[in-house]
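> Test case, fold it:
(one chain, ligands or ions: 1)
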Amino acid sequence: MSKKSSVYWILTLAFLMMVSVLTGCGSDKKPAAPAAAADIKIGANWELTGGQATFGQSSLNGAKLALKEINAAGGVIGKKITLVVADNKSEPSESTNAITKLITQDKVVAVLGAVTSSNTLAASPVAHANKVPFLSNTATNPRVTVENGKVKEFAFRACFIDPFQGTVMANFAAKSLKVKTAAVYVDQSSDYAKGLAQVFEESFIKAGGKIVAKEAYLQKDKDFKATLTKIKASNPETIFIPGYYEEVGLIVKQARELSYTGPMIGGDGWDSPKLVEIAGKEALKNTFFSNHYAADDKDPSVVKFVETYKKEYNQTPDALAALGYDATLMIVDAIKRANSAEPQKIRDALAQTKNLKVVSGVITLDANHNPVKSAVVIEVKDGKLVFKEKIDP
Ligand code: PHE
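The predicted model follows:
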């Protein structure tokens, strides 16, 4: 080889090496730490800050507790599970960003979350484009798993849906509270609240009741008094307020300040330790909401969960925590049955979830990827959430 041609070869080789470093070919793509390389990575897209922050924080606590127990018992299919957490800041656009990062950057094989229906709906197209399954612990709007009559292939949930929850509360109003008239005050910025309001109205009318007023508010509103004055003037025996604790707390408080004394009722979105903080114990007398689970339920699996959770976090688990725990069990169960951590195989196994005993009940997913589960009605008594009744589907 002449001197000239060997220089040529050396330069060519150097160039090729540079290209391979820049594009990442030739290496095994990521220089992941060897210890973590064998782990299964699951993502969490939850509301950790913003207007629904207690929802995401509780969900995350529940998921972490489940994974701690599962990993301590040896993990699943011989591997440990790592949770990669992303905060969607309680905003739909941030939820799209969060799931994009989890799937494309962190390469998770399945995603837990989001909590709310709007934030879950915003994450769904990204999961579908990348063929990675997601499982919302708590999003109850029917469109989360079915849109225009078509089941969304990669969308799953661990909770009941709003057509059930809305009917539960309409019947509770008509039969248990024995009221004949109701006003509806709905969070217009939430897919969940709008859907739930509609079901409640239809079911309440079916049960013989009359809707005497219908008003709307937006998330981050602070002053509800003008609208509440209008609502009060229509003399409703109860006010149904589908929404989340930040606004609901203020609405309940301001309604009492306007001397509305009737029962106020709502859905699962009321479930937060912040509700009592915002509204105050007194204002919350005579209020009721539907939920997925009650911490004072005597079911042995609930008792055991509440005990371990309290030991871990020094607080009583709300429904979000229970369902964060349950959703994690569902994904791990699917990985186990699939005997694989490939997203497509996890998806297929998730769709076959059957008779899985979890804290909030026994989960069998129907053809629409929805579990059929009972609901509870909670009464807020002395600032405490007290189990009132359980309603089976
Ligand atoms: N069901 C609510 C939604 O779909 C979320 C939620 C569930 C909030 C449970 C609190 C408790 O938006």
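
> is it fair to say K220 lies in a helix?
No. For K220, which was evaluated using DSSP: H, G, I helix; E, B strand; the rest coil, the result is coil, with no helix membership.

> for it, phi and psi?
The phi/psi pair for K220 (degrees, to the nearest 10) reads phi 80, psi 0.

> any idea how this protein splits into domains?
Domain assignment for the chain by automatic domain parsing gives 40-160+298-374, 163-291.

> Mean pLDDT and distance to E389 added to those domains, as CSV?
Heads up, the C-betas are built off the backbone N, CA and C, glycines and all. Formatted as CSV, these follow (pLDDT from 0 to 100; distance: least, Cβ to Cβ, whole Å):
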stretch, mean pLDDT, distance to E389
domain 40-160+298-374, 98, 10
domain 163-291, 98, 7
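
> got TSV for these, with distance to L385 too?
Below are the domains of the chain laid out as TSV (distance: least, Cβ to Cβ, whole Å):
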stretch	distance to L385
domain 40-160+298-374	8
domain 163-291	8
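
> Could you look up the SS state of T120?
Taking three-state DSSP as the rule, one finds T120 in the helix state.

> Now do the contacts for it.
Neighbouring residues of T120 by Cβ atoms under 8 Å, 6 or more residues apart in numbering: 95, 113-114, 134, 136, 139, 141, 144.

> 6 Å - rerun?
Neighbour list for T120: 114, 136, 139, 144 [criterion: Cβ atoms under 6 Å, 6 or more residues apart in numbering].

> Please report the distance of it from the ligand.
Using Cβ to the nearest ligand atom, to the nearest Å, T120 is found at 7 Å from the ligand.

> circling back: which of the domains of the chain sits closest to K388?
Nearest to K388, of all these, is domain 163-291, at 6.6 Å by Cβ to Cβ.

> coming back round to it: with respect to the ligand, which of the contacts of T120 is nearest?
Within those, distances to the ligand taken as Cβ to the nearest ligand atom reach their minimum at A139, with 4.3 Å.

> who's in contact with the closest one?
For A139, the contacting residues are 117, 120, 157, taking Cβ under 6 Å, 6+ apart as the criterion.

> What is the burial count for the first one?
For S117, the neighbour count with other Cβ atoms under 10 Å is 28.

> What residues does it make contact with?
139, 141, 144, 191-192.

> Output those in JSON lines, with secondary structure and distance to the ligand appended to each entry.
Putting the contacts of S117 into JSON lines (DSSP: H, G, I helix; E, B strand; the rest coil; distance: Cβ to the nearest ligand atom, whole Å) gives the following:
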{"residue": "A139", "secondary structure": "coil", "distance to the ligand": "4"}
{"residue": "N141", "secondary structure": "coil", "distance to the ligand": "5"}
{"residue": "V144", "secondary structure": "helix", "distance to the ligand": "8"}
{"residue": "D191", "secondary structure": "helix", "distance to the ligand": "7"}
{"residue": "Y192", "secondary structure": "helix", "distance to the ligand": "3"}
